[in-house]
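Engineer: Please find the sequence and the predicted model below.
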Amino acid sequence: MALSFEAARTMILESVIPLPPEAVSLLDVVGMVIAEDIRAAWDMPLWNNSAMDGFAVRAEDCVAGQTLTVDGYIPAGGSASGINVKPGGAVKIMTGAPAPAGCDAIVPIEETVEKNGKLILTGQVRPGDHLRIRGEDVSKGELVIAAGTALRPAEINMLASFGYRTAPVFRRPKVAILSTGDELVEPGEDIGTGQIFNSNDYSIAAAVKQLGGEPVLLGIARDDRQSLTEKIAAGLEEDLLITTAGVSMGDHDLVCDVLEVLQVERRFWKVDIKPGRPTAFGLKNGKPVFSLPGNPVSSMITFEQFVRPALLKMMGHQRVIEPLVRAVMQETIKKKPGRVQFLRVRVAKDGQRLVASSSGDQNTGILRTLLRANGIAVLPADLEQLRSGEEVDVQLIAAVDIV
Ligand code: AMP
Ligand code: MG
């Protein structure tokens, strides 16, 4: 009995948990998920300072026609201690430098003329102008990054601003990738009759990297028990194992047998989806093991549906399934009821709405159709026909065309 698409995905997500957090250099954390709340250890900025290169003044002194006497200079990195802006006075100051006592505004250089040691103001000055006030960005103790946040450059800047060199993030999963099949040859090697290059390792490794995981390539296992057992056993040492091919009903499809011998506890084999029906999922001591079909299109689509959310959850992401978008199908699609069908489509923005059309021959052997696609339309299992002009749910896998 095959499982429904939704049940399969739920089962996977219920089986995986985030990996333990570790301290990772800020240079390597982009895209990773922080495991702890980060609170401000001090007010930011810690002292009032200038937002411009200019002069620290008392706004009340700055009436039109007034000249000020410049005494004192505070460069960036300098100190304002002992410096005081006296009535009728001004202190030259650079951006970021601490504001001296007595001042309540900064006049930018470009709004002044300096003549014979006197400062003539050309613009209006209001209290608070161009001054950054202690704590105006963040106050001490405030939550600045909540646990579960995926780190972007802005969060990384905030961490560095508070002196962090590393961040406590969920570890990157090491993902073992194993290709199986007697017909496979590594790219770059000599190829003979009936042989094809192992391309799946490369697309799966790329997909793993894109999500922030670390691919560990195990190479090719042959369609025999010994070869499969050795490689799969090695793969079970990593955080997650993905095998491709050898899970259909062919004479040499031994992957499921070998997984069983190695005591991988099977959760499902076969899902009511097209393509990708023979997909299997199991657990070895809590480690997820995915057996994806060998056909490149099927392996990539099943990766997207099943492995992607599992990996994201292991990496601590809160949102592991992207919301679907609605698009208006531009042609009629017929399908057999019973299985969810993933249709490779091209999605474009047409005014306010999204429109989708097939990106080509939907045969699973046609890789080109996936290259042309920027979306995967998800046709419900019970659907028999999607008529042109009807709406369909689409997973976006690349940017939408703007036409
Ligand atoms: P199988 O599931 O073993 O019957 O494989 C299904 C199809 O996928 C066959 O046409 C295989 O040759 C092809 N295939 C299997 N593994 C790979 C791979 N690593 N790279 C490219 N094609 C593959
Ligand atoms: Mg095979």
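Structural biologist: Good, I have the coordinates. Only a predicted model underlies this, so the values are computations on that prediction, with no experimental measurement involved. Residues are numbered from 1 along each chain as shown. Ligands and ions are numbered 1, 2, ... in the order given.
Engineer: buried sites along stretch 178-186?
Structural biologist: 178-181, 183-184 (16 or more other Cβ atoms under 10 Å). All C-beta atoms are positioned from the backbone trio N, CA, C, and that covers glycine.
Engineer: same question, stretch 276-294
Structural biologist: Neighbour-count burial for stretch 276-294 flags 276-282, 284, 287-294 (criterion: 16+ other Cβ under 10 Å).
Engineer: what's the first-to-last distance across it?
Structural biologist: 9 Å (Cα to Cα, to the nearest Å).
Engineer: thinking again about what came up before, tabulate the buried residues of stretch 178-186 (JSON lines), appending secondary structure and distance to ligand 1.
Structural biologist: Conversion of these to JSON lines gives the following (DSSP: H, G, I helix; E, B strand; the rest coil; distance: Cβ to the nearest ligand atom, whole Å):
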{"residue": "Leu178", "secondary structure": "strand", "distance to ligand 1": "9"}
{"residue": "Ser179", "secondary structure": "strand", "distance to ligand 1": "4"}
{"residue": "Thr180", "secondary structure": "strand", "distance to ligand 1": "7"}
{"residue": "Gly181", "secondary structure": "coil", "distance to ligand 1": "5"}
{"residue": "Glu183", "secondary structure": "coil", "distance to ligand 1": "5"}
{"residue": "Leu184", "secondary structure": "strand", "distance to ligand 1": "5"}
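Engineer: In those, find the pair that's most separated.
Structural biologist: Leu178 and Glu183 (15.2 Å; Cβ to Cβ).
Engineer: which parts of the chain sit against ligand 1?
Structural biologist: Residues of the chain lying near ligand 1 by Cβ under 6 Å from any ligand atom: 179, 181, 183-184, 196, 198-200, 244-246, 248, 250, 293-296.
Engineer: now with 8 Å?
Structural biologist: 179-181, 183-184, 196-201, 220, 223, 244-248, 250, 252-253, 278, 293-296, 298-299, 365 (Cβ under 8 Å from any ligand atom).
Engineer: could you measure Ile145 against ligand 1, distance?
Structural biologist: Separation of Ile145 from ligand 1 (Cβ to the nearest ligand atom, to the nearest Å) stands at 40 Å.
Engineer: which residue packs closest to that residue, ignoring adjacent ones?
Structural biologist: Residue nearest to Ile145 in three dimensions, not counting chain neighbours: Ile38, with 4.1 Å by Cβ to Cβ, 6 or more residues apart in numbering.
Engineer: What of Glu391?
Structural biologist: Glu391 sits nearest to Arg326 (Cβ to Cβ, 6+ apart), 4.9 Å away.
Engineer: For the one you found, the count of nearby residues, please.
Structural biologist: Using other Cβ atoms under 10 Å, Arg326 has 11 neighbouring residues.
Engineer: re earlier: buried subset of the residues of the chain next to ligand 1, written for ChimeraX?
Structural biologist: Typed into ChimeraX, the line below selects the buried ones among the residues of the chain next to ligand 1, using 16+ other Cβ under 10 Å:
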select :179,180,181,183,184,198,200,201,220,223,244,245,246,247,248,253,278,293,294,295,296,298,299
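Engineer: What about ligand 2: which of the residues of the chain next to ligand 1 touch it?
Structural biologist: Counting by Cβ under 5 Å from the ion, 181, 245-246 from these sit close to ligand 2.
Engineer: Can you tell me the SS state at Val345?
Structural biologist: Assigned with DSSP: H, G, I helix; E, B strand; the rest coil, Val345 falls in the strand class.
Engineer: Specify the beta-bridge partners of it.
Structural biologist: Val345 has these beta-bridge partners by DSSP bridges: Ser358, Gly375.
Engineer: That one is in contact with Gly375, isn't it?
Structural biologist: Yes. At 4.7 Å, Val345 counts as touching Gly375 under the criterion of Cβ atoms under 8 Å.
Engineer: Between the two, which contacts overlap?
Structural biologist: Residues touching both Val345 and Gly375 by Cβ atoms under 8 Å, 6 or more residues apart in numbering: 327, 356, 394.
Engineer: burial of the last one, as a residue count?
Structural biologist: Summarising burial for Val394: neighbours were counted as other Cβ under 10 Å, giving 22.
Engineer: Quick check: it touching Arg346?
Structural biologist: No. Judged on Cβ under 8 Å, Val394 makes no contact with Arg346 at a distance of 10.2 Å.
Engineer: shared neighbours of those two, which are they?
Structural biologist: Joint contacts of Val394 and Arg346 (Cβ under 8 Å, 6+ apart) are 356, 375.
Engineer: Out of the ones next to ligand 2 among the residues of the chain next to ligand 1, which is nearest to Ala101?
Structural biologist: Of those, the one sitting nearest to Ala101 (Cβ to Cβ) turns out to be Ala245, at 74.2 Å.
Engineer: List the contacts of the closest residue to Ala8 other than its chain neighbours.
Structural biologist: Excluding its sequence neighbours, the residue lying closest to Ala8 (Cβ to Cβ, 6+ apart) is Val271, at 4.5 Å. Residues in contact with Val271 (Cβ under 8 Å, 6+ apart) are 2-5, 8, 277, 279.
Engineer: just the buried members of the residues you listed?
Structural biologist: Counted by 16+ other Cβ under 10 Å, the contacts of Val271 give 2-3, 5, 8, 277, 279 as buried.
Engineer: In CSV, list these along with pLDDT.
Structural biologist: As requested, the buried ones among the contacts of Val271 are exported to CSV (pLDDT from 0 to 100):
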residue, pLDDT
Ala2, 90
Leu3, 97
Phe5, 98
Ala8, 98
Arg277, 96
Thr279, 97
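Engineer: Select from these every entry located in strands.
Structural biologist: Among these, no member is found in strands (DSSP state E).
Engineer: List just the nearest of those to Gln210.
Structural biologist: Thr279 (20.2 Å).
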